[in-house]
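**Q** after the sequence you'll find the predicted model.
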Amino acid sequence: KAGVTQTPRYLIKTRGQQVTLSCSPISGHRSVSWYQQTPGQGLQFLFEYFSETQRNKGNFPGRFSGRQFSNSRSEMNVSTLELGDSALYLCASSFLPGLTDEQYFGPGTRLTVT
Amino acid sequence: AQSVAQPEDQVNVAEGNPLTVKCTYSVSGNPYLFWYVQYPNRGLQFLLKYITGDNLVKGSYGFEAEFNKSQTSFHLKKPSALVSDSALYFCAVRVPLPSSGGYNKLIFGAGTRLAVHP
């Protein structure tokens, strides 16, 4: 089975621009979560989607948004980019978003904002 | 507040020696605990989880973890470390969100860097 794929792998943007990141979960997985990873803040939860519905959202400003499509693929969008948005953005999928379900992570998208 | 703590930023071990990466948690209710590993420039890989039952959980790559309810700990262990085990290790706990109709969230520790020296 193919793993979680994320595109693009690397991205360089300038302040004020917007960006869209894409995530394709493992086949059959219906839950997708997004995380931001930085050296200073570690892994921070952004949001989780299941059946095209956002089930949970982390403590990020409204500039960060996401969606999930009927095939479970997900996108996240960051508008009006700031230097502090530079990070590794990780997507993870699981069969269900249950308490006992482990998540499988993609390789991440490295976003650099200049 | 519900949280996970990894008290060591870095653990250094000689190859062939046993290793332990520590994790403690604070949750109300039953803890659902996970260990993940991250190699450089890669995403996280699932190692093992504790849901219920036997306190010693076996996972991938020869790793195991011991759940201790009285000490609220879930330490990751391996009997004999390899240089290739050098990576960043994350402990995590899934907790239900109150009054959310069954939603939950995964809380990660800050991570522990394991360095295995030849």
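**A** On my side now, so go ahead.
**Q** report the buried residues of the lowest-mean-pLDDT helix or strand in chain B.
**A** When the helices and strands of chain B are scored by mean pLDDT, DSSP states H and E, strand B:104-108 comes last with a mean of 86. Using 16 or more other Cβ atoms under 10 Å in any protein chain shown as the test for burial, strand B:104-108 gives B:104-108. The C-beta positions use only the backbone N, C-alpha and C, and glycine is treated the same way.
**Q** redo those residues as CSV? Include distance to chain A.
**A** Formatted as CSV, the buried residues of strand B:104-108 follow (distance: Cβ to the nearest Cβ, whole Å):
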residue, distance to chain A
B:Asn104, 5
B:Lys105, 5
B:Leu106, 7
B:Ile107, 8
B:Phe108, 4
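**Q** which of these lies closest to B:Pro7?
**A** Lowest distance from B:Pro7 to the buried residues of strand B:104-108 (Cβ to Cβ) belongs to B:Phe108, with 14.7 Å.
**Q** list the contacts of the closest one.
**A** B:Phe108 is in contact with A:42-43, A:45, B:4, B:36, B:90-92, counting by Cβ atoms under 8 Å, 6 or more residues apart in numbering or on different chains.
**Q** for chain B, which residue gets nearest to chain A?
**A** Closest residue of chain B to chain A, Cβ to the nearest Cβ: B:Gly43 (3.6 Å).
**Q** need the strands for chain A, in chain order.
**A** Ranges of strands in chain A, per DSSP state E, are A:5-7, A:10-13, A:19-24, A:31-38, A:42-50, A:53-57, A:64-68, A:74-78, A:87-94, A:104-105, A:109-113.
**Q** using CSV, list the CA coordinates for the third one.
**A** Read it as strand A:19-24. Extracted in CSV, the C-alpha atoms of strand A:19-24 (Å, rounded to 0.1, in the frame of the first residue of the first chain):
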residue,chain,number,x,y,z
VAL,A,19,0.1,28.8,-0.3
THR,A,20,-1.8,25.6,-0.7
LEU,A,21,-0.4,22.3,0.4
SER,A,22,-1.9,18.9,-0.6
CYS,A,23,-2.1,15.6,1.1
SER,A,24,-3.2,12.2,-0.2
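**Q** that one pairs with which strands, parallel or anti?
**A** Each strand paired with strand A:19-24, and its direction, by DSSP bridges: strand A:5-7 (antiparallel), strand A:74-78 (antiparallel).
**Q** just put the ones you listed in a markdown table and tack on mean pLDDT.
**A** What follows is the strands paired with strand A:19-24, written out as a markdown table (pLDDT from 0 to 100):
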| stretch | mean pLDDT |
| --- | --- |
| strand A:5-7 | 97 |
| strand A:74-78 | 98 |
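**Q** in chain B, which strand has the most residues?
**A** Scanning chain B for the longest strand, with DSSP E as the assignment, gives strand B:87-96.
**Q** wait, which of the contacts of B:Phe108 is closest to B:Ala65?
**A** B:Ala65 lies nearest to B:Cys91 out of the contacts of B:Phe108, by Cβ to Cβ, at 8.8 Å.
**Q** so that closest one sits right up against B:Gln6, yeah?
**A** Yes: using Cβ atoms under 8 Å, B:Cys91 is in contact with B:Gln6, at 5.6 Å.
**Q** who has more neighbours, the two?
**A** B:Cys91 (28 against 20; other Cβ atoms under 10 Å in any protein chain shown).
**Q** pull up the distance across stretch B:42-62, start to finish.
**A** Taking Cα to Cα, to the nearest Å, stretch B:42-62 runs 20 Å from one end to the other.
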